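>>> Could you look at this predicted model? Sequence included:
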Amino acid sequence: MQYKIKQIGGNRAGLVSATTMLIFGVVVFLLIYLPVSYILPGDENSTIVYDPEVFLIVPVLYTLLAYVSGALYAFVYNICASKFFALEVTLEQLDK
């Protein structure tokens, strides 16, 4: 008897990681760029000290964090889709 193995969920990992990175990018934009854009450098009333080096490094670090977390999420999703959700793998008989 011959069987055709069909795995569900493997191709979805790329979409999941891309969506995760997009969400992280939007969150980083809202949390970092928008508040700082309203604070003028040298403003006496501002509680955030404006440092150009930190201002440039922090978004880069958050972007790298977004990429790493997206890739890690895709990796974990792929493992779960292939190992733990074995019920989604269907066996179809070819010689009926």
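Received the coordinates, thanks. Residues are numbered from 1 along each chain as shown.
>>> what residue ranges in this structure score low on pLDDT?
1-17, 32-55, 81-96 (pLDDT under 70).
>>> List the buried residues for the longest helix anywhere in it?
Determined from DSSP state H, the single longest helix within the chain is helix 52-79. By neighbour count on 16 or more other Cβ atoms under 10 Å, the buried set for helix 52-79 is Pro59, Tyr62, Ala66, Gly70, Tyr73, Ala74, Tyr77, Asn78. To be clear about C-beta, it is placed using only N, CA and C from the backbone, and glycine gets the same treatment.
>>> Tell me how far the first one lies from Ile23.
Spelled out, that is Pro59. Using Cβ to Cβ, to the nearest Å, we find Pro59 at a distance of 16 Å from Ile23.
>>> Equivalent analysis for Tyr62, please.
12 Å.
>>> what does Leu72 give?
For Leu72, the distance to Ile23 equals 14 Å [Cβ to Cβ].
>>> Equivalent analysis for Leu31, please.
Distance from Leu31 to Ile23, by Cβ to Cβ: 12 Å.
>>> where do the contact lists of these two overlap?
Common neighbours of Leu31 and Ile23, using Cβ atoms under 8 Å, 6 or more residues apart in numbering, do not exist here.
>>> neighbours around Val28, how many?
Neighbourhood size, Val28 [other Cβ atoms under 10 Å]: 17.
>>> got the buried residues for stretch 25-34?
Using 16+ other Cβ under 10 Å as the test for burial, stretch 25-34 gives Gly25, Val28.
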